[in-house]
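>>> fold the following.
(one chain, ligands or ions: 2)
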Amino acid sequence: QDVVNKIAAGEIIVAPMHALKELMENAVDAGSTSIEVLVKDGGLKLLQITDNGHGIDRDDMSILCERFTTSKLKAFKDLESIGTYGFRGEALASISHIAHLKVTTKTAGSSCAWQAHYADGRLVPAKPGQSAEPRPCAGRGGTQITVEDLFYNIPTRRRAFRSASEEYAKILDVVGRYAVHCTGVAFSIKKHGDAGSGISVQANASTVDRIRQIHGSAVGNELIDFNIEDKKWGFTASGWTSNANYHVKRTMILLFINHRSVESSAIKKAIEQTYSIFLPKGGHPFVYLSLEVEPNRVDVNVHPTKREVHFLNEDEVIELVCNEIKTKLAKVDT
Ligand code: ADP
Ligand code: MG
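Numbers count the residues shown, from 1 in each chain. Ligands and ions are numbered 1, 2, ... in the order given. From the prediction side, this is the model:
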């Protein structure tokens, strides 16, 4: 059974960035205003994420890494919304099957923090011979998740990662996306032993400040904002987009649907098309787009590893968004 679980987990968590994305979303869901990430060896040796969110109850710690354990379902009458938010209750379970996992957490109501180790979905002792039960310890409010030796028990996968810096770049990309999107939250990420290697944004930074800090002032100075609220198709769209004075070699789209970082090739294609009349050949745009649609309009039947998302009336929504961007671009002096 553990072998089957291990294989399934390896399909959900294909690379360190996938583990990081799940942990990041959990930290955001916990209402954190500060999220810190520490990475060693591209995330293969260490991924540690520390938040100041609402923490996990001592009583929930024993089932935390069982599959389909999710406190988030309670908040949703409608099971269809699960897909939208990725509320699958599989992330921590999966990680525990393919890495050494340690959780330290403190809720506001608890007088101390609690720490536990997990393997294969269950609590395990920190050292052989000790009790597997969570241990009280000192700690601040919030949760720290420590993932060590990812894929230690899947040697072929482990060997497939050639370059730690490539994996780190992907992790940086994920953190950077959430750091742009989650205003009100402070983010920091660094490589172990290399303080100058990451990103750091303050909680009170505006969206434009965030983009400027992560993607540079060249794009930051050329951003225009847009806002759409559409009753007919039931969506809102807002964001910031580069104008004809700024272009990059590869289209950069930071897309959020219902506050989850996702990919949509339909949106990418339409945006490139929209910009093609404004930009020189070979020039591409930078777009941050946050789309909110009714949860039951998002395709729920996507495999967890598929970041590609579809939603109802996609064509109509995309057309309205692109028309708005086009109108804004047409007004810019170049
Ligand atoms: P899901 O996010 O789909 O519910 P996960 O396996 O990612 O499933 O997490 C399981 C549960 O563990 C969450 O529903 C939440 O209750 C709790 N949890 C995980 N990470 C955190 C965190 N950083 N802060 C507070 N609670 C957390
Ligand atoms: Mg989760």
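
>>> quick check: whichever residue of the stretch 101-250 of the chain sits closest to ligand 2 vs residue 331, distance?
When distances are taken as Cβ to the ion, the stretch 101-250 of the chain reaches nearest to ligand 2 at residue 145, 10.8 Å away. The way it works is simple: take the backbone N, C-alpha and C, and place the C-beta from them, glycine included. Going from residue 145 to residue 331 by Cβ to Cβ, to the nearest Å gives 46 Å.

>>> neighbours of the nearest residue to residue 203 once chain neighbours are set aside, just the number please.
In space, and not counting its chain neighbours, residue 203 is closest to residue 186: 4.1 Å by Cβ to Cβ, 6 or more residues apart in numbering. Residue 186: 18 surrounding residues under other Cβ atoms under 10 Å.

>>> what number of residues lie near residue 208?
Around residue 208 there are 16 residues (other Cβ under 10 Å).

>>> helix, strand, or coil at it?
Under the three-state scheme (DSSP: H, G, I helix; E, B strand; the rest coil), residue 208 adopts helix.

>>> pull the contacting residues for it.
Taking Cβ atoms under 8 Å, 6 or more residues apart in numbering, we find residue 208 in contact with 220, 223, 240.

>>> tell me what whatever residue of the stretch 101-250 of the chain ends up closest to ligand 1 is bridged to.
Proximity of the stretch 101-250 of the chain to ligand 1 (Cβ to the nearest ligand atom) peaks at residue 143, 3.8 Å away. On the basis of DSSP bridges, residue 143 takes part in beta bridges with residue 51, residue 105.

>>> wait, it sits on residue 56?
Yes - between residue 143 and residue 56 there is a contact under Cβ atoms under 8 Å: 6.1 Å.

>>> identify the contacts common to these two.
If you check residue 143 and residue 56 against Cβ under 8 Å, 6+ apart, the residues they both contact are 103, 105.

>>> looking at residue 145 and residue 331, which has the bigger crowd around it?
Neighbours were counted for residue 145 and for residue 331 using other Cβ under 10 Å; residue 145 has more, 23 against 8.

>>> ok, that one - contacts?
Residues in contact with residue 145, defined by Cβ under 8 Å, 6+ apart, are 23, 26, 48, 49, 92, 101, 102, 103.

>>> so what's the residue count around the first one?
By the measure other Cβ under 10 Å, the count of residues near residue 23 is 23.

>>> okay but it is in contact with residue 49, surely?
Yes - applying Cβ under 8 Å, one finds residue 23 in contact with residue 49, separated by 4.7 Å.

>>> sorry, back to before: of the contacts of residue 208, list those near ligand 2.
Among the contacts of residue 208, none lies close to ligand 2 by the criterion of Cβ under 5 Å from the ion.

>>> now tabulate the residues you listed in a markdown table and tack on neighbour count, pLDDT and secondary structure.
Formatted as a markdown table, these follow (neighbours: other Cβ atoms under 10 Å; pLDDT from 0 to 100; DSSP: H, G, I helix; E, B strand; the rest coil):
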| residue | neighbour count | pLDDT | secondary structure |
| --- | --- | --- | --- |
| 220 | 19 | 83 | helix |
| 223 | 20 | 93 | strand |
| 240 | 22 | 97 | strand |
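
>>> buried residues in the helix or strand where the residue of the stretch 101-250 of the chain closest to ligand 2 lies?
Using DSSP states H and E, residue 145 maps to strand 142-148. Going by neighbour count (16 or more other Cβ atoms under 10 Å), the buried part of strand 142-148 is 142, 143, 144, 145, 146, 147.

>>> the nearest residue to the last one once chain neighbours are set aside bridge partners, please.
Spelled out, it's residue 147. Closest residue in space to residue 147, ignoring its immediate chain neighbours: residue 47 at 4.3 Å, by Cβ to Cβ, 6+ apart. Legend: beta-bridge partners of residue 47 under DSSP bridges are residue 39, residue 147.
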